[in-house]
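>>> What follows is a predicted protein model with its sequence.
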Amino acid sequence: MTRRLLVVMLAIAAQFEAAPSARAELNVVAATQDLASIAQEIGGDKIKVTPMAKGYQDPHFVEAKPSFVLTLNRADLLIVVGRDLEIGWLPPLITQSRNAKIQPGSKGYLDPSQTAKILELPTGTVTRAMGDVHPLGNPHYWLDPENGRRIAQAIKDRLSELDAANAAYYAQREADFGRRLTEAQQRWKAQMAPYKGLKVVTYHRSWANFVDAFGLDVIGYVEPKPGIPPTPQHTLDVINAMKAQNVKLILVEPYFDLKTPNSIAEKTGARVVVLPPSVGGVPAASDYFKLFDTDVALLLDAIKATGTK
Ligand SMILES: [Zn+2]
């Protein structure tokens, strides 16, 4: 985007800003639809939430649309996934937004990974030099509902800080979200319980927290390393491991090419399941609860179709 265009866009934004608003609203921008969904649960009608990455996009590699700069320019709060998930696209947009409120370290910048349970934390020095896009632990942590609860708490705390007048409102909504989440968790766990320890292969390391919560056993990945496309030798290793351990399911995030998974499935008699790791990944996964409803239903259908149990 040219500097001139940016200036024009910011001038337009300033005009809108000057118009009297119907009610006090915090402008919240969420890096993903998962965070947007939880923020909406907590903020209700006191906030306006705009997600950036769509659930059907790979959150590591999102196209930095110019409109994002304008959206960020007007934000009171930016919620990021963190753990370097968005490092490939978000930091320059935050800088270009020229919005002091949402710079890292400010009150308007929230990274809920700081209080979430993070798996696969690296030991020793890790760099991105080898192409691994998970240098600070597994960033797909929202896929454990317990982390959804922690994210909700972090959002409640920060909204209450930014908008103290509505603190009781946010606290009440967070408590309600927590109650509904506990109920849903019991249902999902009961549905998955018969398949504890079931061995699967996944394309990317998206499911560490999900299997931690629901008990599947991931024995391999189509990617040799997070963010590194399949190689013939690694694919052969995966096929051999699947044959040796009789693995019949390959879980693939909606944004990956199905060519390699399909070829592995052909050679192993396994089934490929496209499973959304994010809200918005498929139309049915339209909020944080429906994401788990959808994934659990897709998994159960696939497990039954393979006749594994
Ligand atoms: Zn990842």
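Thanks, I have it.

>>> Pretty sure residue 146 sits against residue 117.
Yes. In this structure residue 146 lies within contact range of residue 117 using CB atoms under 8 Å: 6.7 Å. All C-beta atoms are positioned from the backbone trio N, CA, C, and that covers glycine.

>>> Hmm, residue 83 and residue 118 touching each other?
Yes. Using CB under 8 Å, residue 118 is in contact with residue 83, at 6.6 Å.

>>> These two: which has the busier surroundings?
Neighbours per residue (other CB atoms under 10 Å) separate residue 118 from residue 83, with residue 83 holding more: 23 against 19.

>>> which residue sits closest to the more buried one in space, ignoring its chain neighbours?
Of all residues not flanking residue 83 in the chain, residue 139 sits nearest, at 3.8 Å (CB to CB, 6 or more residues apart in numbering).

>>> what's the answer for residue 114, then?
In this structure, residue 114 finds its nearest non-sequential neighbour in residue 82, 7.0 Å apart by CB to CB, 6+ apart.

>>> Give me the pLDDT value at that neighbour.
Per-residue confidence (pLDDT) for residue 82: 98.

>>> got it, and residue 125?
For residue 125, the pLDDT comes out at 70.

>>> In contact with residue 109, which residues?
The contact partners of residue 109, by CB atoms under 8 Å, 6 or more residues apart in numbering, come to 77-78, 80, 94, 102-103.

>>> What's the ChimeraX syntax to select whichever of those are buried?
Selecting the buried subset of the contacts of residue 109 in ChimeraX, with 16 or more other CB atoms under 10 Å as the burial test, is done by:
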select :77,78,80,94,102
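
>>> how about the contacts of residue 109 in a markdown table, adding secondary structure and distance to residue 186?
Putting the contacts of residue 109 into a markdown table (DSSP: H, G, I helix; E, B strand; the rest coil; distance: CB to CB, whole Å) gives the following:
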| residue | secondary structure | distance to residue 186 |
| --- | --- | --- |
| 77 | strand | 32 |
| 78 | strand | 33 |
| 80 | coil | 30 |
| 94 | helix | 39 |
| 102 | helix | 37 |
| 103 | coil | 41 |
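
>>> if I've got this straight, the residue nearest to residue 83 is in a helix?
No. Going by DSSP: H, G, I helix; E, B strand; the rest coil, the assignment for residue 139 is coil, not a helix.

>>> number of nearby residues for it?
Neighbour tally, residue 139, other CB under 10 Å: 28.

>>> How about residue 61?
By other CB under 10 Å, the residues close to residue 61 number 13.

>>> again with residue 266
11.

>>> just residue 72 next, same as before
Around residue 72 there are 23 residues (other CB under 10 Å).

>>> pLDDT at it, what is it?
Listed pLDDT for residue 72 reads 98.

>>> so which strand or helix has it?
Using DSSP states H and E, residue 72 sits within helix 67-73.

>>> now the residue nearest to residue 73 when sequence neighbours are not counted: how far from residue 52?
Nearest residue to residue 73, sequence neighbours excluded (CB to CB, 6+ apart): residue 97, at 4.6 Å. When distance is defined by CB to CB, to the nearest Å, residue 97 is 12 Å away from residue 52.

>>> Those two - which one has more neighbours?
residue 52 (27 against 23).

>>> what's the closest non-adjacent residue to residue 238?
Excluding the flanking residues, the one nearest residue 238 by CB to CB, 6+ apart is residue 220, at 4.9 Å.

>>> wait, residue 99 sits on residue 72?
Yes. Between residue 99 and residue 72 there is a contact at 5.9 Å, judged by CB under 8 Å.

>>> mind listing the strands for this protein?
26-30, 47-51, 77-79, 109-110, 199-202, 217-221, 249-252, 271-274 (DSSP state E).

>>> Can I get the second one as PDB, trimmed to CA atoms?
To tie it back to what came earlier, the one meant is strand 47-51. C-alpha atoms of strand 47-51 as PDB (Å, rounded to 0.1, in the frame of the first residue of the first chain):
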ATOM      1  CA  ILE A  47     -17.700  -4.300  22.200                       C
ATOM      2  CA  LYS A  48     -17.500  -4.500  18.400                       C
ATOM      3  CA  VAL A  49     -15.200  -7.400  17.300                       C
ATOM      4  CA  THR A  50     -13.400  -7.700  14.000                       C
ATOM      5  CA  PRO A  51     -11.500 -10.800  13.200                       C
END
